[in-house]
Every structure is written in C-alpha cells, then in structure tokens.
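A predicted structure for the sequence below; I have some questions about it.
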Amino acid sequence: MKRNRKYRLQLALAACLAIPAGTALAADTTADAPDTSNWVCKFCVVPYGWYGGADFGLVYVDDPTPKFADYRGLDDDGFTLDLGGEGGYRGENGHYVEYYAKNLALDSRILDAEAGKQGTYDFRGSYQEIPRYLGHGTMTPFEGVGSDTLTLPAGWAPGGPLAYAALESNRTIGGAGFTFKGLDKWRFDVDFERQEKDGTKSFGGGVFYVNAVLFPSPLNYSTDRFDASVEYTGKMLQLRAEYMGSEFDNGYSSVTWDNPLALGFGDDISRTALEPGNEFQQFSLVGAIRFTDWLKFTGKFSSGEGKQNDAFLPYSINPNFADRPLPRESLNGKLETSMYRLAGRLYMKISKGLDLTASYKASERDNKTPIDLYEPVMFEIDEQGPRRNRPYGYERSRGDVELRWRASYQLRLNAGYVMEEIERSYQEVLKTDEDGYFGEVQWTPLAMLDMRLRYEDLSRDASPPEQQGNYGRAENPLMRKYNMADRDRQRLTAQLDVTPMDRVGVSFSVWSTDDSYDQSVIGLNDSEEKAISFDFNYLFDSGSSIYAFFTQETIEARMSAANGDGATPWNGFTEDEILSWGFGFSGQFKEKWSWGFDYVYSDSEGDIQVIDGGSGTPFPTLTTELENIRLYVDYDVNDHWGIGLELYNESYDTSDWMVDGVDPYTIEGIFTMGEESPDYDVNVFRVLARYRF
Amino acid sequence: MKALLSMILVVVLLYALPGSALADEELEYTSKGADSCLMCHRSAKWNVMGIFETKHGSLTDPNAPFSNLQCEACHGPSAAHMKARNKAENPPMHTFADDEEATAAEQNAPCMSCHSGHSNIGWMGSAHESSDVACVSCHSVHDAHDTVMDPLGQQEVCFECHQRVRSDTLKAHGHPLRFGSMTCSSCHNVHDGNNDFLLTEDNVNDTCYSCHAEKRGPFLWEHAPATEDCSLCHKPHGSNHPASLTRRPPLLCQQCHSAAGHPSLAYTGDDIGTQPADRFLRSRSCMSCHSQVHGSNHPSGSSQMR
C-alpha cells in the first residue's frame, strides 16, 4: 500500500520534472514596444497634496455589558468620544504619507501610518489595542486580584463573602518597519513588533482528587518579534531570504493561591505554574523560478530553533516536600523545526490548457528536550510515582499531483492525487498514512452562469497502536484517537454563480464533509459537517446596492467510550445547527445624502445526548441568538464638512447549561467564579463630524 | 523498474503528442497611450479615474504602470480597439470584466509581470491560483480604495466565496473579525501556497503562535494534540463552544481519553445538578482541574493540572 502511494507520487513528479523539448505554453500575444515619447497623458489627473480627513464626535452606549464591550471597547455607559480618520499626502515627486485611525478614544484603538517615496522606500508604524471583557457576573473571595499572590481574607471560610471580579485584559500591538526598494530588482524589509497582554483571566487549579478551584489568574505577557528579509525579483527568478526571531516573556512565572477547599493536610496554599518564556528563531528561503514558459517551480525552505529554559518551580509549595530533589533546575527545552516545500508545474503540449502540477512538502518538529525522571506531588500533598516527560516530535510529508485541463473557456477540469504521512514520537500510533483522489469540474455554459463541483475521497491508515505507558491510568486498548485513527473522508463542494443581468449576482453553495472512523471501537466514530449558503447582491445604476445572505450549517458527531476495558460502550452524540442570514441596503440621494441599513441574524443550537445502556436524557439545548440592526445616514454640508449619524441595536441571548445557575458554591468540590452566560440588548448612537481636506 | 518504465512512458507521451501552439497574434499599441483610452473612458460611467488616487496611477514611480505603458500595461496593446467601429466587439486584449474570456492565468499575467515577488513568490500552485482566481476577482485596481485592502472591507470580499466563514464569524466564540480587530490577512497570506492553508506562517501552529506565543513551549509536560495541530481541538473561524472548541467537554476530551474512572464515565442530561457528576459536566468540565491543556512547565504538572 505504502509503496503504491509513493510510486504514484514518483510517477507524477517524474512527469512534472521531465523537461520535454518543444512543448509550448499557450503563446502570449505580443507586440513591439511602442514609442512613448508622444504619450503626454494629459487626462491623467493625479490629485497631489493632502487628501482624506478626520472624524470626531460622540458615541452613546445604553447599558453595555462585558460581552457587548468585548473587542469593541465600548464598556462605558453614556457618552464617549469617537475619533478617527483616514487619508494621506501625495507629492509630485513620489513622496507620500498614508494614515488610518479608528476608535482613538476607545480601548479598541487602531492607528496605522506609512510614509515614504513610492517605489524607493517606506517607513511604517502601527499601534492597536484589543480589549477583552470576559467576566459575566464573575465573583471571587480572593484578595490581590491582578497579582501573582491570591489570598483569602482572614477568617474567610466556604460560604463566606465574595466580590465581583472583572476578568479583563488588554492586548497592545505596536510595530514599526522599513522597506527599501531603491535598487533595481532588490528589496529589503525590516519589521519589529511588540505585543503585550495584561489583565486577568479565569484559570483552574486541581485540588485534592477531582476537586478544583477557579481563580483570577494574572496576565502579563510580552512578545517581541523581529523580521528581516532581502529579496531579489528578476524576470526568471524570485528569491527571498528571511529571518524571524520571537521572544516571549511572562511577567509572572506562577500564581500562588490560598485553597478555599483545603483539607488541612498541607494543601492550604497551592501554586500553579504559568506559561514559561520562550525563544524562537527561523531562517527561511523562498523562491520561484521560471525556466521557460512551460516549466515553473516554487518552493520554500525553513529552519528554526525554539528554546525554553525558565527555572522550574519546586515540586510543591508545601514545606513537607521542600527537600524533594528535581532532576534539573530548568527544562533546557529545545525544538528544532524544519520545513521544505517544492512545487513544480509543467505546461504540456498535448493541449493548450493542459498542465500538471506536483508539490511535495516535508516538515519536522524535532524535540530535543532532555528526558528525565520526575516525581510529581499532586495537589501539594500527594506523592506520585516517578514518570518521564515525553518530548513529542513529528515528521510530516505531504505530496500532491494535479492535472488541470482548461478545455475551453466554458469547461475546466482538475483531477489529482494527494498523500500525507505523519510520524510521531512517544504516541500510541507512530505513523499514519493518508492518500486519496480529488476531481473538480467548472462549467460556464453561459457568461451568466458558472458552476463548480469538487469531490475528494481520502483514506487514512494508522500503524498498529502501542501503549506508551500511562502511569497508573491506562487508556482503553480499543481507543483510537481521532487524529491518528483509520479514517475515510469524503468531501463535496458545489457552487453555482448566476449573473442574470448586469450588476446582479446570485450564488448558491453546498459543502459536505463526511468522516468515518469505522475501525474505532472507542473514540470518535464519525463526524459530518454540512452547509448550504445563498448570496444575492444588486448594484443599481445610481451606485446604490442591496444584498442578502443566508447560511445554514449542521455539525454532527458520534463517539463511543467505555468505563474500563471490556465494559459495554456508551455513545455520545453532538449536533450543532447554525443559521445566519442578513440583508442590507446602501444608497445615495440628492448627491449630498447617503444612507443605508444592515440587518444580521445568527442563531445557533447545540444538542448533546449520551446514551448508556440504551437510554440517556439529552442535555438542555445550548442556544445563542444574535441580532444586529444598523442604520446610518451621512450628509455632506459642503466640500470640507460632513455629518454622520449611526444608530444600531444589538441583542444577544444565550443559554448554556454548563454555567447558567452555577454560583461559586453550586458544584460540590468545584469552587467556581460564578460565570453566567451573557445576554444583552444594547443601543448605540453615534454622531460624527467629518472634515475633509 | 515498474516506476521507471512508467515514468519513461509518460515523458515519451508528453513529447510525442502533437502540440497546439497558438500562432502569435501581432498587436499594436495606441499612438497616444492613456490619452487615447481616456478620451472615452474618463467619464464617470466607466469609473476608472480612481486609479490616479492609487499607487498604480503614479506618474513618478518608474515601476508604476502609468510611468510605462499606462492603460496598456495591463489591458494590452489596444490600437485595434481604438480603430474598431464596433468597439464592443473588438475589446482590448484584457477587459478584466465579468465576460472576460481570457483565463485567470492570462488575466493575471500583467499583474504578475510586476508583482511576482514578495508575498506572491508562492502564487504558482497555491489554492487560489489552482482554482483560477484572478487578481481582479478580489482587487479593484481602478477604485481609489481597494476594498480588499480595508480592514473591515476585506472580509466582505473574502466572504463572496468563503460564505461559510462569514457564518463562522457570527458564532458565539471566535476571532474578532466582525469587530475589525483582525482581518482575514492577519492569519492568511492568500497569495502564498508554500504555507499550509495559505497561512502567514509555515503551518497552523506557527501561525497561532504569532499572537499566542505563550503556547509555543516546549513545555515539560506537553499535551500531544496541542503540539501537533491547534485545529484538532479549535475551530479558528468560530464555534458554538467556548474557546472556539470543536465540541463541548467532556465529550471533546473523552474522544481521546478513555482510562477507567472519571475520564470514561457516561454523563447524561440527568446528571446535571447531581453530585459528583456535576463537577465533570459544568463550569469548565475537565478544564476545571486540567487547565494546562496547552502544556505545563510545573514539575508536578504531569496531569496538566498545575
């Protein structure tokens, strides 16, 4: 089987790599270079000078909730400043400035700017903030929220007072870059970016056997990234050498928290490790070469190295284990990554529109992290047996061959073969092989009608599973993890585009993916995703337009599990159904007025049922309903000034049995933060004055 | 040997079959360049003058089309169109309109004559190129503001074909595309087929790490699927489930974790509100305890709880 796959790939690659003399790509029409000395270009009216402008005004928000403010930054009830703008400068000598600003007075501000001389060099800078508001009724008894030490008030006991704890974070992204293109065919780029994320998030810590405490964990991330590249762009050869370096640093290495569920055996305080800092750097070479009109190649080679060597915490914060020796002071973790890909295309002389494309890609995550024997202490009190860490590594290879035939303008056919092989280390399945075929037909019988149908049929084989040692909790020997189980996959995509008249577009689409894991007695058995979609748009002669869209999607899965080797399996069924649709209009009247509206609706339902022994009560349906109505009007007072009004309402209604009605004391043994599923109905009114240069 | 013989046979066939090369058609450029074209096409009806507010319309950049062959740099030699009595039946070489009969590759050739470098080096063989997507399918080069280059407008262009992704972005959990905090191109380089799924980095995980660097590791105790492919558990475009998970825990976790005891017990709807099953079902389910699913660097974190 394996030999057959490789054989087929070799065959196609050989055909592609062969250099058949005398083949010809469809000949381009040609013309002698004209004499342009008399080309005055008197109609070429380039508007030099400043353009664009600035917007400033107020936005009024009526009773926002954290979920509504999430990402938007509109967290204040009442009026907030609204500042933004877009524009730039265009000089006669090629110098230019461009800027884009949005939400400058909000926590979701964006500012981008670029300046330079077109075709020669440019400087660029950017700044963005992304706010998150994740706490919906979240409460905690902890003091010190936002720091790495969370303590319970003196004398506090379960059932004691709680305080609202906002779970908020803010990501800031600042960047700067420079490009020089002043040398013929050469380009140099340098970019630096710094991302910071500060705030709190909800995090869980396990305490004595299947009990847990959820607490507000501090966030203090920073990531610096540096990119540099040099590029040569010739007519026949394009080549770019790139360097990327990334360094992540976490301002907090751990969070220490008083245990509200302490048993009193030394587990009064617990400590959770937070993400360690890491470094990664990668060198890449990307290129394309066109030997002739009928033979082209493109490819990429990357080689990277990642390191992580933050100092280990001790096994336990419990002084009883203070002298428990670690095998090393830090992980000295090291990853070596590599990737190369080569794709080639041969245009064949059999027919004008016939070509063969083949690509091969190989990548590796070689985990050089040292393996040692560790003796964990669970829950700060329970000594575990010794166990070794498993530095997971992968080798992947993927190939495909595709024959494309543009039989005519009306008919296009594609067919091909794909294969993928993944080798894993320290896992139950050390190797999976997947291969299959695909075909695509695109038929355009009329200029107004375009139909496309694509079908894929893939089959994956897994090597015999081998238990890797589970340190006391052996997996069921019949378990087949879905990412490395035998699988048959059929995928269908169909699209119909109709343009019944000029300026009208109608599109129907159907997608279906059907995965079957018929060798998996325990694990995921099958999954299916189906969707249909409809789009419509019409552009009036006046420049006004209307649009509508509709998508319905179903995601289903079935899995099996059993409580112990030899036990009768039970089945779990999940089904998500999502419906979204919307429509809108935008238009102008009397030259100075423009207006429009948008309506968007999305409704999701999630059903879960577990059947054990022939019966099983379904879980309550998970629901999410989103409705957004927006109306806007713009009026140009004169050439420089304009007024914009916007009114929108967004309602959001969810029900989620996982969190609804769960306060910190509801679940025995799980001290939660009392998160609730969010609901809101928020009105927003925005008035803007627009100044145009 | 069988492979070798087959390879030889394929190559021989490719040599042997008759060709169908087109005869070159000699075309002529106009005598006055853009002035010839704009004499008619500068009226608002044609909506082309916006190009002079773009970099393509620069008269000073020696690499810009209007510093060279002007309109004909992209539309091709158009003298015949100028001279034709019925211009509709004798259009320029490329109209780039909906009824353009040139293939996507032929339409893209003028663009690629200047834009073959930088992010387009891997264009050949990429998913978009193989699917006959023309540059003008997404880019509006005559518009002063090319919608696909706009942070909010870009996704609308992408959604014209990727309609299902629009539905994903409206789901309860996902990346903030609908708020304009991210764009499709934050993760995808739609011109480069060298990376998986037209991503900006080599593969899915490296792309995720560009914002979620804290999950890169390596960690002392790794969670195997997290090191292999983030999308084994997450749907990056949007999901019904928190953290954009593909399914709800505990079933998501139970698809792989089958050890006897609490990992493999069947929990039904009747178990909500009952103890001890509730602790495995509600709040964070498995992640209430096993919160370090992306890896733990705590020496006692082998169960991803520390």
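That came in fine, so what should we check first?

could I get the pLDDT score of B:A23?
pLDDT recorded at B:A23 is 39.

phi, psi for B:C40 please.
Torsion angles at B:C40 (phi, psi; degrees, to the nearest 10) stand at phi -100, psi -40.

so what's the residue count around B:C256?
For B:C256, the count of nearby residues is 24 (other CB atoms under 10 Å in any protein chain shown). Just so you know, the C-beta spots here come from the backbone N, C-alpha and C atoms, and that holds for glycine as well.

for it, what are its contacts?
Applying CB atoms under 8 Å, 6 or more residues apart in numbering or on different chains to B:C256 gives the contacts A:M479, A:K481, A:Y482, A:G523, B:P225.

just the ones in strands from these, please.
If you go by DSSP state E, these have A:G523 in strands.

nearest to A:A322 among the contacts of B:C256?
For A:A322, the closest of these turns out to be B:P225, at 35.0 Å, with distances computed as CB to CB.

next up, the contacts around the closest residue in space to that closest one that isn't next to it in sequence.
Take B:P225 and drop its neighbours on the chain: the residue closest to it by CB to CB, 6 or more residues apart in numbering or on different chains is B:L232, 4.4 Å away. Applying CB under 8 Å, 6+ apart to B:L232 gives the contacts A:Y482, A:N483, B:P225, B:T246.

for these, which single residue is the most surrounded?
Most crowded among the contacts of B:L232, counting by other CB under 10 Å, is A:N483 at 23 neighbours.

pLDDT value on it, please?
According to the prediction, A:N483 has pLDDT 96.

then A:L25?
Per-residue confidence for A:L25 comes out at a pLDDT of 36.

now swap in the one 3 residues further on and tell me
In the prediction, the pLDDT value recorded for A:D28 is 44.

between the contacts of B:L232, which sits nearest A:M559?
The shortest gap between A:M559 and any of the contacts of B:L232 belongs to A:Y482, at 8.5 Å (CB to CB).

show me what the nearest residue to the closest one once chain neighbours are set aside is bridged to.
The shortest distance from A:Y482 to any residue other than its chain neighbours is 4.0 Å, reached at A:L524 (CB to CB, 6+ apart). For A:L524, the beta-bridge partners under DSSP bridges are A:M559.

for A:L524, give me its contacts.
Listed by CB under 8 Å, 6+ apart, the contact set of A:L524 reads A:Y482, A:A485, A:Y517, A:A557, A:R558, A:M559, B:Q255.

so how far is A:P158 from it?
Using CB to CB, to the nearest Å, one gets 39 Å for the distance from A:L524 to A:P158.

looking at chain B, which residue ends up farthest from its center?
Ranked by distance from the centre of chain B (CA atoms, centre = their mean), the top residue is B:Q275, with 47.4 Å.

close to chain B: what parts of the stretch 151-300 of chain A are there?
Those residues of the stretch 151-300 of chain A that sit near chain B, judged by CB under 8 Å from any CB of the partner chain, are A:171, A:187, A:195, A:203-206, A:210-212, A:214, A:221, A:223, A:225, A:231-233, A:238-240, A:246, A:248, A:250, A:254, A:271-273, A:275-276, A:278, A:280, A:286-288, A:296, A:298-300.

swap the cut-off to 7 Å and go again
The stretch 151-300 of chain A comes close to chain B at residues A:187, A:195, A:203-206, A:210, A:212, A:214, A:221, A:223, A:231, A:233, A:238, A:240, A:246, A:248, A:250, A:272-273, A:275-276, A:278, A:280, A:286-288, A:296, A:298-300, as judged by CB under 7 Å from any CB of the partner chain.

so where's chain A shaky on pLDDT?
Low-confidence regions of chain A, defined here as pLDDT under 70, cover residues A:1-31, A:348-350, A:470-472.

run through the helices of chain A in chain order.
A:2-17, A:66-69 (DSSP state H).

the closest residue to chain A within the stretch 101-250 of chain B and B:L69: what is the separation?
The shortest separation between the stretch 101-250 of chain B and chain A is 3.3 Å, found at B:G117 (distances taken as CB to the nearest CB). Using CB to CB, one obtains 20 Å as the distance from B:G117 to B:L69.

ok, B:T200 - contacts?
For B:T200, the contacting residues are B:C187, B:H188, B:N189, B:T207, B:S210, by CB atoms under 7 Å, 6 or more residues apart in numbering or on different chains.

now with 8 Å?
For B:T200, the contacting residues are B:S185, B:S186, B:C187, B:H188, B:N189, B:T207, B:S210, by CB under 8 Å, 6+ apart.

next, it: phi, psi?
phi -80, psi -20.

bridge partners for the nearest residue to A:H640 once chain neighbours are set aside, pull those for me.
Setting aside the residues directly before and after it, A:H640 is nearest to A:R692 in space (CB to CB, 6+ apart), at 5.4 Å. With DSSP bridges applied, the residues forming beta bridges to A:R692 are A:G53.

surely A:R692 touches A:G644?
No: taking CB atoms under 8 Å as the definition, A:R692 is not a contact partner of A:G644, at 12.0 Å.

do you know how far B:H94 is from B:S31?
Relative to B:S31, B:H94 is positioned 20 Å away (criterion: CB to CB).

which one of those two has more residues nearby?
Neighbours per residue, other CB under 10 Å: of B:H94 and B:S31, the larger number sits with B:H94, 21 against 13.

in contact with the more buried one, which residues?
Taking CB under 8 Å, 6+ apart as the definition of contact, the neighbours of B:H94 are B:C74, B:H75, B:G76, B:E100, B:A102, B:E106, B:Q107, B:P110.

of these, which belong to helices?
The subset of the contacts of B:H94 located in helices under the criterion DSSP H comprises B:C74, B:H75, B:E106, B:Q107, B:P110.

please name the nearest non-neighbouring residue to the fourth one.
Across the structure, with CB to CB, 6+ apart as the measure, the residue nearest B:Q107 apart from its sequence neighbours is B:A134 (4.5 Å).

next one: the first one
Spatial nearest neighbour of B:C74, excluding adjacent residues (CB to CB, 6+ apart): B:P110 at 4.4 Å.

also the second one?
For B:H75, the nearest residue in space outside its immediate sequence neighbours is B:P92; the separation is 4.4 Å by CB to CB, 6+ apart.

what about the helices in the stretch 201-306 of chain B?
Counting by DSSP state H, counting those that start in this stretch, the segments of the stretch 201-306 of chain B that form helices are B:204-209, B:224-228, B:251-254, B:277-281.

save those helices as CSV, and put in distance to B:G193 too.
Listed next are the helices of the stretch 201-306 of chain B as CSV, based on distance: least, CB to CB, whole Å:
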stretch, distance to B:G193
helix B:204-209, 15
helix B:224-228, 22
helix B:251-254, 31
helix B:277-281, 44
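
now those helices as TSV including mean pLDDT?
Putting the helices of the stretch 201-306 of chain B into TSV (pLDDT from 0 to 100) gives the following:
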stretch	mean pLDDT
helix B:204-209	97
helix B:224-228	96
helix B:251-254	96
helix B:277-281	94
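
which residues touch residue 78?
No chain specified, so I'll use chain A. The neighbourhood of A:G78, defined by CB under 8 Å, 6+ apart, consists of A:Y60, A:V61.

my bad, the chain I had in mind was chain B
Applying CB under 8 Å, 6+ apart, the residues contacting B:S78 are B:Y29, B:T30, B:S36, B:C37, B:C71, B:E72, B:P92, B:M93.

buried set for the host helix or strand of the fourth one?
Assigned by DSSP states H and E, B:C37 falls within helix B:34-41. Neighbour-count burial for helix B:34-41 flags B:A34, B:D35, B:S36, B:C37, B:L38, B:H41 (criterion: 16 or more other CB atoms under 10 Å in any protein chain shown).

what does stretch A:244-264 give?
Along stretch A:244-264, the positions that meet the burial threshold by neighbour count (16+ other CB under 10 Å) are A:244-250, A:252-262.
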